[in-house]
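Undergrad: Below: sequence and its predicted model.
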Amino acid sequence: VKCWGNNELGQLGDGTTTTRGTPVKVQGLEKVEVTQIAVGYRFAVALTSTGRVYAWGENGDYQLGDYTTTDRYTAVEVEVIPEQYAVTSASAGEKHVCVGTLDDAFLCYGDGSYGCFGNGVS
């Protein structure tokens with residue numbers, strides 16, 4: 001997986017905050033097969049062939065799913081999705097992520113403002 005552009009919060013995943021005009025490799029995905037990418041506002045997520053999700057970039061609203069608000073400059077595995085769920089699709093909003101699973105569950109995490117989780121709470 002390669003990314004390029006603005007990188008002030010590590011959203012390129014190359015281990016730096018250096019803006020890049022040419023594609024650079026996302027670090028932390030070397031041992032997984034990525035099947036899908038979703039991009040939010042200054043962060044990104046990668047879905048793997050084993051149904052796990054990795055994320056990198058801005059994390060001020062828990063959108064990386066690692067139980068912190070620490071920005072990540074390389075890909076880290078999303079921890080908030082219970083291991084029994086095999087993720088089959090991922091979608092990123094401005095500061096949240098929603099995933100669909102093999103057993104038809106639909107899970108969201110990050111900033112749920114303005115009703116974006118669809119659970120009646122804003």
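TA: Thanks, I have the structure now. Computed from a predicted model, the values in this text were never measured in an experiment.

Undergrad: C-alpha only now, for contacts and for neighbours.
TA: Fine.

Undergrad: can you tell me the helix or strand for A46?
TA: If you go by DSSP states H and E, A46 is part of strand 43-48.

Undergrad: quick one: the next helix-or-strand element following that strand to chain centroid distance?
TA: Next in sequence after strand 43-48, counting helices and strands by DSSP H and E, comes strand 53-57. The chain centre lies 4 Å from the centre of strand 53-57; the measure is CA atoms, centre = their mean, to the nearest Å.

Undergrad: Could you measure from D111 over to A105?
TA: 19 Å (CA to CA, to the nearest Å).

Undergrad: typed the wrong thing, it's S91
TA: Using CA to CA, one gets 14 Å for the distance from S91 to A105.

Undergrad: Which one's more surrounded, the two?
TA: S91 (19 against 11; other CA atoms under 10 Å).

Undergrad: for this structure, where's the lowest mean pLDDT among helices and strands?
TA: Lowest mean confidence among the helices and strands of the chain (mean pLDDT, DSSP states H and E): strand 106-110, at a mean of 87.
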